[in-house]
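Student: Predicted model follows, preceded by the sequence.
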Amino acid sequence: MNPAIQKIMRKRPFAYSDVFCHPPVEGMAFDANGILKPGIAPGIAAVCKNESNCTLVLTDGTWFTTWSQGSYEHALDEGLVFATSRDRGRTWTAPKSIFRSTREERRAYAVPFLVPGTNRIYVFYHAGNQEAAFPDPFYDSGNLWFIHSDDRGATWSDRLRVDLPDRDINIFPGRFHGWLNHPPQIMPEGDVILPISHCQRTGLLRRAWMLNAAEVSVIRCENILTETDPAKLRFPLWPAGPRGIRADVWKHRDNPALARLLAVFDGLPEQSAFNFQEMTVVPLAGGRWLGVGRTFLGSPGYTVTADRGRTWTPVEPLCYGPGGEPIRHPMTMCPIARTSDGRLVLLFTNNDGSQRRAKHVWEGNGRTRNPQWFVVGCEIPGETRNAGLMFGKPRVLAEVDDRGEVNLKTGISMPQFVERDGRFFVCYNINKEHIVLDEIPARVLDAMTPASAGNVRVVP
């Protein structure tokens, strides 16, 4: 473990490797607002912010990991980099740049996709305006683009735009506020889907952007597996119509976590409760798909589709079991993944905005994003409540030592679960400064899998 990582970790029992650690700086790199402190050498400053990692495996077994790098969030030098590993993530090359932001466009977050059986890598990203200054509503409004590489990232194509229909949540025709976190994935039926988050950023909410409404849509990469001409790719957006996937506003208007958030910022439920973001999707029995994302409700939200993404149920809090206790979680990424043997692994932080002295689900300073937890679940045959899921007892994956001075981003976030050759890994960032990789032994997941709960069993 890198000494810089070892110094700031309180607990990391499954440590495997360090993908990237920025060079050491004197004291903390960021202030309480997540802005890089002055006086740091330019060469070091430009690589201090590292987050939003995504890993895929090339045809020869090479691991290819992308992430967002720059001086700090919203810095003019933000961009996308990648590193590779030839020994299953144990050692990594130095990062190489794929693209950088410009003075006109913010290009900070992107997701890769490997066409199976080839080494063609697509990268999708949102490019938003950064000539206007926040809270100007035009700031960060933009479009979705993609590029591709056929030589393992050595060179990249010119970009092409993905034309998406306008949603009600968009405030400028032909432009939207949004972002991507999770790569396109191939579902059992052969569909390739790419979840995207849209938010409503208007001047009306300049007091507190944390109350902005948000929703998720699913882009179907309709012919990406067979079409070799990128200009001919098709990307319909589901669900069809003016709205994406949302929480039920009135049903959850008395939710305690939502109430705490609104009390702090003097907000209204009807403006905020339907907020749903950063969805991951896994297949369930019977051809259903499960979507899980972050919400204002103090829990991961879940939604289900029975028609391969055309329509989705309203978002509800995810619980440990049907009729059971809600799983606690704030406004940070909570991806769910399905293992090859049919189990589900949820990565979350076990905090509904009231633990660790937090005031609400957006609370920073390490109060909601530390420590990082995980839990294993399985399906209950014939059950529909809670999407038919039962989860076991959660366990801490890693914990940052947040004693003393902390910054806004202190904690662990944006984890990604990777299964490869019967082994289980989680890649994540620490303090949005370093990218690391842990391996969870199979015996640990086995011990955490619910053994019995009525007729609970793993559904293949």
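Tutor: All right, it came through fine. As the structure is a prediction and not an experimental result, all values here were calculated from the model.

Student: any idea how far S272 is from N255?
Tutor: Distance from N255 to S272, counting by CB to CB, to the nearest Å: 10 Å. Every residue, glycine included, has its C-beta placed from N, CA and C.

Student: residues bridging contact with these two, i.e. touching both?
Tutor: Shared contacts of N255 and S272 (CB atoms under 8 Å, 6 or more residues apart in numbering): F296.

Student: Check which helices and strands the one helix or strand V396 maps to is in contact with.
Tutor: For V396, the element it lies in under DSSP states H and E is strand 395-400. The helices and strands touching strand 395-400, judged by 3 or more CB pairs under 8 Å, 6 or more residues apart in numbering; DSSP states H and E, are strand 9-11, strand 372-379, strand 412-420, strand 423-430, strand 434-440.

Student: and the longest one with strand 423-430, angle?
Tutor: Angle of strand 412-420 versus strand 423-430, following axes from the mean of the first three to the mean of the last three CA atoms, to 10 degrees, is 160 degrees.

Student: tell me the mean pLDDT over strand 412-420?
Tutor: The average pLDDT for strand 412-420 rounds to 96.

Student: now that strand and strand 395-400, what's the angle there?
Tutor: Using the same axes, to 10 degrees: strand 412-420 against strand 395-400 is 130 degrees.

Student: How about strand 412-420, which residues are buried there?
Tutor: By neighbour count on 16 or more other CB atoms under 10 Å, the buried set for strand 412-420 is I412, S413, M414, P415, Q416, F417, V418.

Student: Convert the C-alpha atoms of that strand to CSV, please.
Tutor: What follows is strand 412-420, C-alpha atoms only, in CSV (Å, rounded to 0.1, in the frame of the first residue of the first chain):
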residue,chain,number,x,y,z
ILE,A,412,-14.9,6.9,0.0
SER,A,413,-17.1,7.2,-3.1
MET,A,414,-17.8,6.0,-6.6
PRO,A,415,-17.1,2.3,-6.0
GLN,A,416,-17.3,-0.2,-8.9
PHE,A,417,-17.7,-4.0,-8.4
VAL,A,418,-15.7,-6.2,-10.8
GLU,A,419,-15.9,-10.0,-11.0
ARG,A,420,-13.2,-11.7,-13.0
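
Student: Would you state the helices of this structure in chain order?
Tutor: Here the chain has its helices, by DSSP state H, at 3-8, 42-45, 256-265, 269-272, 442-448.

Student: and among the ones you listed, the most buried is which?
Tutor: Most buried of the helices of the chain, by mean neighbour count (mean count of other CB atoms under 10 Å): helix 256-265, with a mean of 19.

Student: hmm, who's touching that helix?
Tutor: With CB under 8 Å, 6+ apart as the criterion, helix 256-265 contacts 207-208, 210-211, 252, 267-269, 272-273, 296-299, 330, 352-354, 359-362.

Student: 10 Å - rerun?
Tutor: For helix 256-265, the surrounding residues in contact (CB atoms under 10 Å, 6 or more residues apart in numbering) are 205, 207-211, 247, 249, 252-253, 255, 267-269, 271-273, 275, 295-299, 317, 326, 328-331, 351-354, 358-363.
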